[in-house]
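**Q** can you look at this prediction? I've put the sequence above it.
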Amino acid sequence: MEREKIILVGVILPNKTEEAFWNSMSELHSLAKTANGEVMDELIQKLERVSQTSFIGSGKLMELSELVEMHEADVVIFNSELSATQVRNISKIVDARIIDRTQLILDIFAMRAKSKEGKLQVAYAQYKYLLPRLSGQGASLSKLGGGIGSRGPGESKLEMDKRHIREKMHDIKAQLTHVERHRKRIIDRRNTQSVFRFGLIGYTNAGKSTIFNRLTNETTLEEDKLFATLDPTTRKIRFEGGFQALLTDTVGFIQDLPTTLIAAFRSTLEETANVDVLIHVVDASDPDYLQHETTVINLLEELEMSHLPTLIVYNKMDKAPSTFVPDRPEHLLISALDQDAPKEIKQRMIELIEKNWTFFIEDLSEEKGKELAQLKQQAWITKLEYMEEKACYRIEGYRPRKETTND
């Protein structure tokens, strides 16, 4: 697929430090690349406040028009949300498709969604975002066709008719309710199985999928791109002695994640909300890792998941600067591709299981071989010995607090 030529536009405002601004612009650059775009140039302006009519000043708008013409750019992406009026006024001067950061992120999600629920959620979020902005985009999108900012799940282009969009949103909502009920049944079934559940979370591109694959021997998508994983994936993770736990990989978080997407993916993240322990993966090699860490923690609060016990895994330590210092007490330093990484993570997982489950001692008669095999899978066994004088097995280990036995 031919890459579309892109111009990025950013405005430095008093409420943001220059360092935070440039980190955000760097991220926008990565987002554009992920959306199959080629960044040709960027236009930066320092303002006290943005223009309500055209976001940037009139002089800069003319400069943007010249940049687009010079580079033969297809798309201009603003690093902030634009109103319908702003898009309409910019489009009168600039001969390119005008989109903002939110629309770009929605567009990438549309590309990445694989499951039925993921596609429905993205479509709903896109329609919800576009509905109040149609007066600003209808003409330019119908004139310029598809491409970055106009992709929709399963469609070549999102329709631009308000009435049609409202009908679609109503239909999607009904389908989502049905799909969510089905997923809730699966989660409820899992919850009755007394299995310890871990959830991988983190900033996008922190290395969650690499860790997931190494721990579960799976081959989910691993890419050096933002939002490579969109739909949550749950797999078994096996420990010594036959014990099994569940591990869920989820969509990566990002700064300024569109509110429409937070709402849309709240239900998908329920899969993670039902875990016993969160494993928060942080890219230690990223200069902005502290901001990424904070973004994830803030989003967890917004999603009402901040109460869950959390282990911070600082990944990519082989590329981290020598000055790197972890800022969380409960942490692990690894490089996911190292040979010993899975062993190190599993060791910490076991510590977390022992911390969050209840210690037990139980005797099982030797004829209860089936129960013993089941217990080995569902409980973490620390000691198992055969007692000849009693003709039984003495088991020591950890299991869920809610579980009781009559033996």
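**A** Alright, I've got the coordinates. All values derive from a computational prediction rather than experimental measurement.

**Q** OK, contacts around the nearest residue to D283 once chain neighbours are set aside?
**A** Residue nearest to D283 in three dimensions, not counting chain neighbours: A206, with 4.4 Å by C-beta to C-beta, 6 or more residues apart in numbering. (C-beta placed from N, C-alpha, C; glycine too.) For A206, the contacting residues are 252, 281-283, 292, 315, by C-beta atoms under 8 Å, 6 or more residues apart in numbering.

**Q** roughly how far is stretch 287-296 from the heart of the chain?
**A** 14 Å (C-alpha atoms, centre = their mean, to the nearest Å).

**Q** for that stretch, buried residues please.
**A** Within stretch 287-296, the residues that count as buried by 16 or more other C-beta atoms under 10 Å are 288-289, 291-293, 295-296.

**Q** phi and psi next, for S80.
**A** phi -150, psi 170 (degrees, to the nearest 10).

**Q** repeat for I99
**A** According to degrees, to the nearest 10, I99 has phi -130, psi 170.

**Q** the closest residue to it other than its chain neighbours and L28, how far apart?
**A** Spatial nearest neighbour of I99, chain neighbours left out: G149 (3.5 Å); criterion: C-beta to C-beta, 6+ apart. Remark: distance between G149 and L28 (C-beta to C-beta, to the nearest Å) = 13 Å.

**Q** what do these two both touch?
**A** 77, 104.

**Q** who touches F253 in this structure?
**A** So F253 contacts 201-204, 295-296, 299 (C-beta under 8 Å, 6+ apart).

**Q** make it 7 Å
**A** By C-beta atoms under 7 Å, 6 or more residues apart in numbering, the contact set of F253 is 203-204, 295-296, 299.

**Q** and the furthest pair within the residues you listed?
**A** The distance between the two most remote of the contacts of F253 (C-beta to C-beta) is 11.6 Å, for T204 and L299.

**Q** so what's the residue count around R166?
**A** 12 (other C-beta atoms under 10 Å).

**Q** quickly find the element holding the residue nearest to I99.
**A** Per DSSP states H and E, G149 falls between elements, in no helix or strand.

**Q** residue contacts, it?
**A** G149 sits in contact with 75, 97, 99, 103-104, 107, where contact means C-beta under 7 Å, 6+ apart.

**Q** between T204 and L299, who's got more neighbours?
**A** Between T204 and L299, counted using other C-beta under 10 Å, the more crowded position is T204 (26 against 19).

**Q** skipping adjacent residues, who's closest to that one in space?
**A** G252 (2.8 Å).

**Q** before we move on, the earlier item: out of the contacts of A206, which are buried?
**A** 252, 281-283, 292, 315.

**Q** contacts for stretch 362-370?
**A** By C-beta under 7 Å, 6+ apart, stretch 362-370 touches 371-372, 390-395, 405, 407.

**Q** of the residues you listed, which belong to strands?
**A** 392-395 (DSSP state E).

**Q** just the buried residues from the residues you listed, in PyMOL please.
**A** Selection of the buried residues among those in PyMOL, burial being defined by 16+ other C-beta under 10 Å:
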select buried, resi 392+393+395
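
**Q** now, which of the ones in strands among the contacts of stretch 362-370 sits nearest Q121?
**A** I395 (43.9 Å).

**Q** secondary structure element for the closest residue to that closest one other than its chain neighbours?
**A** Once flanking residues are discounted, I395 sits nearest to E362: 5.0 Å by C-beta to C-beta, 6+ apart. Assigned by DSSP H and E, E362 belongs to strand 358-365.

**Q** so where does L215 fall, helix or strand?
**A** Going by DSSP H and E, L215 is in helix 208-216.

**Q** quick check: next helix or strand after that helix?
**A** According to DSSP H and E, the helix or strand after helix 208-216 is strand 233-238.

**Q** any low-confidence regions in the chain?
**A** Low-confidence segments of the chain (pLDDT under 70): 1, 135-146, 150-160, 186-193, 218-232, 251, 256, 258-260, 263-273, 402-407.

**Q** could you chop it up by domain?
**A** 4-162, 194-354, 357-399 (automatic domain parsing).

**Q** which ones are touching I98?
**A** With C-beta under 7 Å, 6+ apart, I98 has these contacts: 76, 87, 90-91, 140.

**Q** rebuild those residues as JSON lines, extending it with distance to V195, secondary structure and neighbour count.
**A** Below are the contacts of I98 laid out as JSON lines (distance: C-beta to C-beta, whole Å; DSSP: H, G, I helix; E, B strand; the rest coil; neighbours: other C-beta atoms under 10 Å):
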{"residue": "V76", "distance to V195": "49", "secondary structure": "strand", "neighbour count": "24"}
{"residue": "V87", "distance to V195": "49", "secondary structure": "helix", "neighbour count": "24"}
{"residue": "I90", "distance to V195": "53", "secondary structure": "helix", "neighbour count": "25"}
{"residue": "S91", "distance to V195": "53", "secondary structure": "helix", "neighbour count": "20"}
{"residue": "S140", "distance to V195": "51", "secondary structure": "helix", "neighbour count": "21"}
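
**Q** counting neighbours, what do you get for D249?
**A** 29.

**Q** now do the strands in this protein.
**A** 4-12, 37-46, 75-78, 97-100, 197-202, 233-238, 244-249, 277-283, 310-315, 331-333, 358-365, 380-387, 392-399.

**Q** can you count the residues close to R112?
**A** 22.

**Q** could you do T358 as well?
**A** Around T358 there are 14 residues (other C-beta under 10 Å).

**Q** so what's K208 up against?
**A** 200, 202, 229, 249, 252, 281.

**Q** biggest separation within the residues you listed, which pair?
**A** Farthest apart among those - using C-beta to C-beta - are T229 and V281, which lie 11.5 Å from each other.

**Q** state the distance from P329 to L311.
**A** P329 is 11 Å from L311, by C-beta to C-beta.

**Q** who has more neighbours, those two?
**A** L311 (19 against 6).

**Q** any idea which helix is longest in the protein?
**A** What stands out as the longest helix in the chain, according to DSSP state H, is helix 162-191.
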